[in-house]
Structures are given as C-alpha cells and as structure tokens.
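J.: The following comprises the amino acid sequence and a computationally predicted model.
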Amino acid sequence: MKPYLFCLRVLACLAIFFAAFSLSCRPKTPAESDANKPEPSPDRIEADVSIVEPNTTDEATADSVAVTVNGVDITESEIERIIKPQLDMMAKQSSNQAPAFVEQLRKMLRQQALDAMIVGRLLDEKVKETNIVVADEEVITRIREIASAQRPPLSLEDFEKKIAEYGSYDKVKQEVRKGLGYQKFMQTQWAGKINVTEEDAKKHYDENPKQFETPEQVRASHILIKPDTADPNTDPNQAKAKARAEIQDLLKQVKEGADFAEVAKANSACPSAARGGDLNFFPRGRMAAPFEKTAFELEIGQISDIVETSYGYHVIKVTDRKGASLVSFEQARDSIINKLTQEKQSEFAKKYIESLKAKATIVYPPGKEPSSVTGRP
C-alpha cells in the first residue's frame, strides 16, 4: 500500500507507534541487519532523553483540547500518548541533539498525529454508519503479515514480545482492527471506480526502464564475532584481540570442513545466525564497504579470510550470484498493475478524505490552528 492507504490501515496510535517501532524492527534488507548495515548517516536524528519528556506547558495539559471534530474533542494528552514512543525511541538510540531541533521535531510529530486522529474520527463515523465489522481472524492475519515482513521474519509470539517493549499489544490489536475497518470502508467507496489496464501497465513499463533493471547481486552467508565491550572497564584492544582469535578459530573449523551454517547458528552475533548466516541476495551499495568488496570478489562456494568492519570480524561464504538483467514486461506486468492500482486507490482515498474534512466541523482552540510547516525539521 502507498503511505496514505497505510495511514488508513493503522491510523492514530498505531501509525505513530510503528514509526517508532520501525527504528528497531522495521522490514530490513540483509544489509541493514545489526551486523551489516552501512555506516550511520551523519544526519541521523539524535535526542537526549531529558529533552523529550512530555511537555508540561498548557498546550500539553491532559485536559487541554487540541481540536474538536464534529463535536468530539481530541486532547493534547491523546496526542502525547501517540508521539511519545517515537520520541523516546529516538532518545534511546542517540544523544546530544540541540533542544531546538528536538522541539521542532516534536511539533512536526504532533501535527502529523493530530492530522491522523482527525481523519480517524471522520472515518470512525463512516465505519459506524455502514456497520462494517472486522473479525478477530482478520486482525490476527494482518498482524502476522506485519510480523513476517520483518527481517528476519518474526513469529506472532516474538512480534508480540517485541511490541511489549514499546507499548501495549492489546492496543495494537485495537488499532489494527480500526485500520482494517477504514480499509474496508474505503474499498466500498472506490469499488468499480478504479481500473488499470494492461495498456496502462505497458506505458508505465516503457516510460520507466530503470525501474526494471536488476543490478548484479551476490548471495552470501557470514559469521560475525563482535568485540565484547559491555564492561566499560574493558580494554578495547584486548576485546578486539579476543574476538579476532575467536573468529580465527571458527575460520579454521569451516576451512577444515565444518558445516558453515551450523557454525554460524552456534556462534554468529548477527540476527542472520538463525538462518545459518544467510543474508540472501544483495547488490552493491548495501553492505559495509570491506564486507561488500570481499563478497563480490568471492566465487560461489568460496570462503573468505577474516574481514573486519565497524561491526566486528566476519567470515563470508558466497552461495550464489546473479548477473545484471532487465525484467521483461511479462514478468513485471502484474506487479505494475498492482502498483498503479494502489496509486489510484491512494489518490482516491486522499480526495475522499479531503471531502470529508471539508464537510466536517473542525474547530481549533485559539492559538492552536495548524502550522503550515509539517515537513522534516
């Protein structure tokens, strides 16, 4: 789904919750796993925990009204509950960001959450009017889809545990149910009004050739050993020496015939260990530079010497390769039709929701009218 439709499916708390949750559990390519993602970008968002504690100004007072939608109030405390997990997660993952930047970020998130809640209230009315029902099985199926989309894929049980680190699983289920209700309602609105033909798909294919180019890729497995620096009194050089000695021993084992996947499962510090170290296929530009260089130089079945990156020490085994290629129209047709259909659905939903907002009575308290700036800080 496009972002606008995704917002319909997981509006309100869930939309912001997954924005925060995605910092540690979003669907990731193998290159973005804990052990192998590229070096952090210098513009990474950083914030100190003390900076992002709930605002105690009048604007964020629990009983303060942020907006009234068709006679129903949305309070600042409701908004705070939505954006706080994301702010807290950013604070945990980084530090030393200027207070002015964090405050601007808070304002941006507040406006995004408020906009989503307004839309949610309007769609709640429509769902109720049309007697749309979402079965428990549909909710669980959708949550399973979200869980399986993670890298590595998570079971429903593991996903529930992960969610519990950031919020309430029952609340997530409620919001998924609500979002599915919105989706069902929108489907009744665009039914019979959206049509994408094969000719539309062929036109898109011809006009966007680069979208269908597949670069050279390798499939690799690896074993990662990280220097153990959990103890602040540990000598970093000694920790690195110990890790290198450990990876050296593991390299010796696989060179002498030990099963690479089993050694990875038993020893690797990367989440890919559960898959025997398998990182699936990846193109150039995904992995840390030393890792990538080695992987693309290896032949199928060949095992590398020790490779050092900022994540630790690796032993890499290439298991397959794919040359650069062009996806044919026949291969791409169904996905193009699906993509164009989703785009039309998204545009339809956007216009429909704007029409709901235009007809609604939306009243902001004095001084709380929405800012025109809601982009990235």
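T.: Perfect, thanks for sending it.
J.: Now do the helices in the stretch 101-250 of the chain.
T.: Here the stretch 101-250 of the chain has its helices, by DSSP state H, counting those that start in this stretch, at 136-148, 156-164, 169-190, 198-207, 236-255.
J.: residues making contact with the fourth one?
T.: When contacts are taken as C-beta atoms under 8 Å, 6 or more residues apart in numbering, the neighbours of helix 198-207 outside the stretch itself are 212, 329, 332-333, 336-337, 339-340. For the C-beta atoms, the positions are set from N, CA and C on the backbone; glycine is no exception.
J.: Which among the helices of the stretch 101-250 of the chain is found nearest to R219?
T.: Among these, the nearest to R219 by C-beta to C-beta is helix 236-255 (17.1 Å).
J.: List the buried residues of that closest one.
T.: 239-240, 243-244, 246-247, 250-251, 253-254 (16 or more other C-beta atoms under 10 Å).
J.: Equivalent analysis for stretch 161-177, please.
T.: Buried, per 16+ other C-beta under 10 Å, within stretch 161-177: 162-163, 166-167, 172-173, 175-177.
J.: ok so, going back, out of the buried residues of helix 236-255, who's nearest V363?
T.: A239 (59.9 Å).
J.: Packing partners of the helix or strand hosting V263?
T.: Per DSSP states H and E: V263 is located in helix 260-267. Under the contact definition 3 or more C-beta pairs under 8 Å, 6 or more residues apart in numbering; DSSP states H and E, helix 260-267 sits against strand 217-225, helix 236-255.
J.: if we can go back for a sec, okay, the helices of the stretch 101-250 of the chain in a markdown table with mean pLDDT and distance to A295 next?
T.: Shown next, in a markdown table, are those (pLDDT from 0 to 100; distance: least, C-beta to C-beta, whole Å):
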| stretch | mean pLDDT | distance to A295 |
| --- | --- | --- |
| helix 136-148 | 92 | 26 |
| helix 156-164 | 88 | 28 |
| helix 169-190 | 92 | 37 |
| helix 198-207 | 97 | 31 |
| helix 236-255 | 96 | 16 |
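J.: domains in the chain, as residue ranges please.
T.: 3-195+330-363, 216-323 (automatic domain parsing).
J.: Excluding chain neighbours, what is closest to R284?
T.: Taking C-beta to C-beta, 6 or more residues apart in numbering, and ignoring the residues beside it in sequence, R284 has E292 as its nearest neighbour in space, at 6.2 Å.
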